[in-house]
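Participant: from the sequence below, what's the structure:
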Amino acid sequence: MILQFISIRLLDILDIFLVAILLYQLYRLIRGTAAMSIFIGIVSFYVVWRIVHSLHMELLSNILGQFIGVGVLALIVVFQQEIRRFLLILGTRYFFTNKRFALGKLLGGDVNYASKTDIDAIVDSLFIMASSKTGALIVFSSEVDFSAIIQSGEPLDADVNSILLQTIFFKNSPLHDGAVIIAGNRIKAAKCVLPSSERSDLPVQYGMRHRSAIGMSEETHAVILVVSEQTGHVSYCFNGTIHPVSSRSELKSVMIKHNRKDTK
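Facilitator: Prediction:
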């Protein structure tokens, strides 16, 4: 008898589905960071306020309600970094870099994709540097606009070349600190400063190079390539996750996968 009063429309199901996606993306965005604990605290505060309000405890309810009333502003202040990251992801991944709908194309932008030769040169340089435990950090993408990051380093605009990459990361080179930006088939800049990840669940052995790689992959759709100076291990970061690689062929397949041009 009770169920006959319940009316569920298709839009209600869609509404629940979209909210679930939003909550899941929010969880992915703040997991492992201090923001996760803050978010749990805010939810707990709201639950307490609802309980107090339902028990008609007027004085305490009014006091807590004053904090709830400015909740939106408080959320913006507390989660300003996460909101900025979300907007960056929304803009770079889904509007400017989506394969089917790229706003950059509609605005007349043209994208140069890395060739098979470019990818081979990058992979070779990384494993040569790994053999000598030369630390390296390379941002690789055909689609992302790195204008802001390039301004933090030294502009180059050079052909992709294995020897040049090794020279840049040579420990006595003035350009070896920071990241190299490879956009399309050009080395755009070196010695660039990348955003560092604020996650608290990362292994303690990860230094600034790995944290910067993870942080950059959290904010862009690029593939970040890392060579550890301590171990000589080669890894790549994508979507905020770091993956170790053990062979040239494995890394090459990863880079080809994230490069949209046909690499025959």
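
Participant: use CA for all of it now, contacts and neighbours both
Facilitator: Noted.

Participant: who does the helix or strand containing residue 166 touch, helix- and strand-wise?
Facilitator: Using DSSP states H and E, residue 166 maps to helix 162-169. Contacts defined by 3 or more C-alpha pairs under 8 Å, 6 or more residues apart in numbering; DSSP states H and E place helix 162-169 against helix 116-131.

Participant: check which residues of the helix it packs on are buried.
Facilitator: Neighbour-count burial for helix 116-131 flags 116, 118-127, 129-130 (criterion: 16 or more other C-alpha atoms under 10 Å).

Participant: could those residues go into a markdown table alongside distance to residue 257 and pLDDT?
Facilitator: Output for those, formatted as a markdown table (distance: C-alpha to C-alpha, whole Å; pLDDT from 0 to 100):
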| residue | distance to residue 257 | pLDDT |
| --- | --- | --- |
| 116 | 12 | 65 |
| 118 | 14 | 85 |
| 119 | 11 | 89 |
| 120 | 14 | 90 |
| 121 | 16 | 92 |
| 122 | 15 | 93 |
| 123 | 14 | 94 |
| 124 | 17 | 94 |
| 125 | 19 | 94 |
| 126 | 18 | 95 |
| 127 | 19 | 95 |
| 129 | 23 | 95 |
| 130 | 22 | 94 |
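
Participant: which of those lies closest to residue 18?
Facilitator: residue 119 (38.2 Å; C-alpha to C-alpha).

Participant: quick one: buried residues of stretch 230-241?
Facilitator: 232, 233, 234, 235, 236, 237, 238, 239, 240.

Participant: identify the farthest-apart pair in these.
Facilitator: Pairwise distances among these were taken by C-alpha to C-alpha; the largest, 22.8 Å, belongs to 232 and 239.

Participant: list the contacts of the closest residue in space to residue 64 that isn't next to it in sequence.
Facilitator: Once flanking residues are discounted, residue 64 sits nearest to residue 49: 6.1 Å by C-alpha to C-alpha, 6 or more residues apart in numbering. Going by C-alpha atoms under 8 Å, 6 or more residues apart in numbering, residue 49 touches 61, 64, 65.
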